[in-house]
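Visitor: Let me see the structure of the following:
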Amino acid sequence: KVPEGMPLEVAGPLCCAGITTYAPLARHVMGKKDQHVGVVGFGGLGMMAVKIAKAMGAKVSIFSRSDAKKDQAASLGAELVATSDPAAMAAMARTLDVIVDTVSDFHDIASLITTLKPVTGTLVLLGGVSKPYELPAFGLLFSGTRVEGSMIGGCDLTQEMLDFCHANKVAPDFEIIAAKDAEAALHKLHEGVAGAKRFVIKIDTLKEM
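Guide: Now for the predicted structure:
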């Protein structure tokens, strides 16, 4: 059930990106104090992970290949860490409680694992990457950190997510488009120029096609 007063253009993306990122954060962060969350990828999923983690009271660090989005991260109350900067990555060693990895392309996760706290630190993979990752066996053995996957959530958790986001004023960045513009929007997503916003099709524009 969509909470009263929540626009459908907000509820729609929340039932996709919202629940995908809420599920692992609800398991690992909700109700805990002094949590430090890492987010890998700053697109649509990453943006929602940041907003939800901040609403849960966590400190958030965003991992990106460069610091080009530093100001955008700061506007959400998060810090940006460039994975291409060895000093910045070294400074993050053993500081994170959980990492939500939203990237769907193959990438190095061994360096991310080193930023997790020993024993309790968990890396959660959300991206459907077909190529197998290489895991540092001894790093996991000696630190006790964990790696897990997560998809979406059931009806009860989705309702919980909608209520949480409504109560905490968490909403996706979105653009309402006509149905005839859907193909152009898909091209923007494929080319990586859409940013973190979600495209929402206005259903009554189907008749214009």
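
Visitor: Verify the contact between residue 182 and residue 202 for me.
Guide: No - counting by Cβ atoms under 8 Å, residue 182 sits too far from residue 202 to count as a contact (10.6 Å). (Glycine included, C-beta is placed from N, CA and C.)

Visitor: which stretches of the chain form strands?
Guide: 36-40, 59-64, 79-82, 98-101, 122-125, 146-149, 174-177, 198-201 (DSSP state E).

Visitor: and the gap between residue 121 and residue 58?
Guide: Going from residue 121 to residue 58 by Cβ to Cβ, to the nearest Å gives 14 Å.

Visitor: Touching both of those two, which residues are there?
Guide: Contact with both residue 121 and residue 58 is made by residues residue 97, according to Cβ atoms under 8 Å, 6 or more residues apart in numbering.

Visitor: For residue 123, list the residues it contacts.
Guide: Counting by Cβ under 8 Å, 6+ apart, residue 123 makes contact with 98, 99, 101, 109, 112, 113, 116, 145, 146, 147, 148.

Visitor: What score does it have for pLDDT?
Guide: Here, the pLDDT recorded for residue 123 equals 97.

Visitor: Over to residue 70?
Guide: 88.

Visitor: Chain neighbours aside, what residue packs nearest to it?
Guide: residue 80 (4.6 Å; Cβ to Cβ, 6 or more residues apart in numbering).

Visitor: isn't the one you found right next to residue 60, touching?
Guide: No - in this structure, residue 80 is not within contact of residue 60 by Cβ under 8 Å, at 9.9 Å.

Visitor: Give me the more crowded residue out of those two.
Guide: Ranked by neighbour count (other Cβ atoms under 10 Å), residue 80 and residue 60 place residue 60 first, with 24 against 21.

Visitor: Distance of that one relative to residue 20?
Guide: On the measure of Cβ to Cβ, residue 60 and residue 20 end up 17 Å apart.

Visitor: same deal with residue 3?
Guide: From residue 3 to residue 20 the distance is 19 Å (Cβ to Cβ).

Visitor: neighbour count winner among these two?
Guide: Between residue 3 and residue 20, residue 20 has the larger neighbour count (other Cβ under 10 Å), namely 22 against 14.

Visitor: mind listing what the more buried one touches?
Guide: 45, 48, 126, 150, 151, 152.

Visitor: What residue, apart from its backbone neighbours, is nearest the first one spatially?
Guide: What it means is residue 45. residue 102 (3.8 Å).

Visitor: For that neighbour, which residues are in contact?
Guide: 21, 39, 40, 41, 43, 45, 46, 49, 126, 127.

Visitor: Now render those residues as JSON lines, adding pLDDT.
Guide: Output for the contacts of residue 102, formatted as JSON lines (pLDDT from 0 to 100):
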{"residue": "21", "pLDDT": "98"}
{"residue": "39", "pLDDT": "98"}
{"residue": "40", "pLDDT": "97"}
{"residue": "41", "pLDDT": "91"}
{"residue": "43", "pLDDT": "85"}
{"residue": "45", "pLDDT": "92"}
{"residue": "46", "pLDDT": "93"}
{"residue": "49", "pLDDT": "97"}
{"residue": "126", "pLDDT": "96"}
{"residue": "127", "pLDDT": "93"}
